[in-house]
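Enquirer: Just the structure for this:
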Amino acid sequence: MPSLLSRLGLGRLAYLLYHRPAGSIRDCIAAGGPWVLRRTRQGEAAMVSAARELPLLSPGTGAPVTVYLLTGRRFWHQTAFCLWTFARQSGRPLAPVIYDDGTLTPEHQAPLLRLFPAARFVSKTEIVAHLDTHLPADRYPYLRDRWLNYPNIRKLIDPHLGSTGWKLILDSDLLFFRPPDFLTNWCDAPDRPLHAVDCETSYGYPDAMLTELAGAPLAEKVNVGLCGLRSDSLDWDLLETWCRELITRQGTHYYLEQALVAMLVAGRPCAIAPAKDYVTLPDPAEANARRAVMHHYVAASKRWYFQNNWRAVRSA
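Expert: Model prediction:
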């Protein structure tokens, strides 16, 4: 036992013996219990198979819409359904730019290219070379560390770094049920940052600290499942400073990326996706009725996503 404690450390041992099992139990309860969780996992497995056979859509009319996503081996099927429902409901051609989290293979890319021949994939090798040029580790150690160890921040860094112009970044766990006019109109003529509305304010750090660093109070409930920013407006030195201060004073947090975006748009006019149409964490009634334009399936709502709603959009 002393040898084991020495090798793992008390903190690591406590995590392995208590915190991880306790977290798994909490997650299972939140997901509806073991039988519901099993059905959810079976539903996702079926979704993977269905994503390979989604029917081709008509080419659409109007100018192509470019959207940006981060995906990989675990999420490519969600990306496929997100883009397919967006294109189907908008009636517009899509030219998605897809950033590889390092796990995409030709097997995962092929179904996406079949649906969207104009898609462009940015490999991890390209991304890292771009990082070394524009965000060198010796000058931006906190951002580079987060890029390595916190994949969420790649949605902020990879599409915008060393680039210009407005970009709309989507999470993959979205489904569209009606025309997303708010998003396509913004893409056609962007003039201010865009974001979705969260089910609650989730930034992970004290409000006073965030306000102090941002120099303005943060809006409530900023959600980055939909996030439109102008690449050449981002100050990477400032973002490095914010990361350093937040992590040094409070440690790392899962919501760091969302906090950074909320700080970037603090005090600025924004295009805010209407919460009743672009729903984050749909409740069971909305998940079943699907009255909204879009659902963002976070947390417990993944049950409806994997068990039912991808099937609903596929069969509609």
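
Enquirer: Going by C-alpha atoms from here, please, whenever you check contacts or count neighbours.
Expert: Fine.

Enquirer: Could you pull up the contacting residues of the closest residue to residue 299 other than its chain neighbours?
Expert: The spatially closest residue to residue 299, leaving aside those adjacent along the chain, is residue 281, at 7.1 Å (CA to CA, 6 or more residues apart in numbering). Residues in contact with residue 281, defined by CA atoms under 8 Å, 6 or more residues apart in numbering, are 198, 199, 295, 296, 297, 298, 299, 300, 301.

Enquirer: Flag every buried residue along the helix ranked longest in the chain.
Expert: The residue-count maximum for a helix in the chain (DSSP state H) belongs to helix 34-51. Neighbour-count burial for helix 34-51, counted by 16 or more other CA atoms under 10 Å, picks out 37, 40, 41, 43, 44, 47, 48, 50, 51.

Enquirer: ok, what's across the strand from residue 99?
Expert: residue 70, residue 122 (DSSP bridges).

Enquirer: what stretches of the chain score poorly on pLDDT?
Expert: The model of the chain has pLDDT under 70 over residues 1-33.

Enquirer: Which secondary structure elements does the biggest strand by length in it sit against?
Expert: Taking DSSP state E as the criterion, the chain has its longest strand at strand 222-230. If contacts are counted by 3 or more CA pairs under 8 Å, 6 or more residues apart in numbering; DSSP states H and E, strand 222-230 sits against strand 166-170, strand 194-197, helix 256-264.

Enquirer: Arrange those in a markdown table, one row each, with distance to residue 142 and mean neighbour count as further columns.
Expert: Formatted as a markdown table, the helices and strands packed on strand 222-230 follow (distance: least, CA to CA, whole Å; neighbours: other CA atoms under 10 Å):
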| stretch | distance to residue 142 | mean neighbour count |
| --- | --- | --- |
| strand 166-170 | 22 | 22 |
| strand 194-197 | 25 | 23 |
| helix 256-264 | 12 | 23 |
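
Enquirer: Would you convert those into a markdown table that also reports distance to residue 77?
Expert: Below are the helices and strands packed on strand 222-230 laid out as a markdown table (distance: least, CA to CA, whole Å):
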| stretch | distance to residue 77 |
| --- | --- |
| strand 166-170 | 14 |
| strand 194-197 | 22 |
| helix 256-264 | 23 |
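
Enquirer: what about those, which gets the closest to residue 215?
Expert: helix 256-264 (8.6 Å; CA to CA).

Enquirer: Just want the angle from the closest one to strand 222-230.
Expert: Inter-element angle recorded for helix 256-264 and strand 222-230: 60 degrees (by axes from the mean of the first three to the mean of the last three CA atoms, to 10 degrees).

Enquirer: So for stretch 120-134, what gets flagged as buried?
Expert: 120, 121, 122, 123, 124, 127, 131.

Enquirer: send the alpha carbons of that stretch over as PDB?
Expert: C-alpha atoms of stretch 120-134 as PDB (Å, rounded to 0.1, in the frame of the first residue of the first chain):
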ATOM      1  CA  ARG A 120     -12.600  21.300 -46.500                       C
ATOM      2  CA  PHE A 121     -10.800  19.300 -43.800                       C
ATOM      3  CA  VAL A 122      -8.000  20.900 -41.900                       C
ATOM      4  CA  SER A 123      -5.600  18.300 -40.500                       C
ATOM      5  CA  LYS A 124      -4.000  18.300 -37.100                       C
ATOM      6  CA  THR A 125      -0.600  18.600 -38.800                       C
ATOM      7  CA  GLU A 126      -1.700  21.800 -40.600                       C
ATOM      8  CA  ILE A 127      -3.200  23.100 -37.400                       C
ATOM      9  CA  VAL A 128      -0.100  22.500 -35.300                       C
ATOM     10  CA  ALA A 129       2.200  24.100 -37.900                       C
ATOM     11  CA  HIS A 130      -0.200  27.100 -37.900                       C
ATOM     12  CA  LEU A 131       0.000  27.300 -34.100                       C
ATOM     13  CA  ASP A 132       3.800  27.200 -34.200                       C
ATOM     14  CA  THR A 133       3.800  30.200 -36.600                       C
ATOM     15  CA  HIS A 134       1.100  32.300 -35.000                       C
END
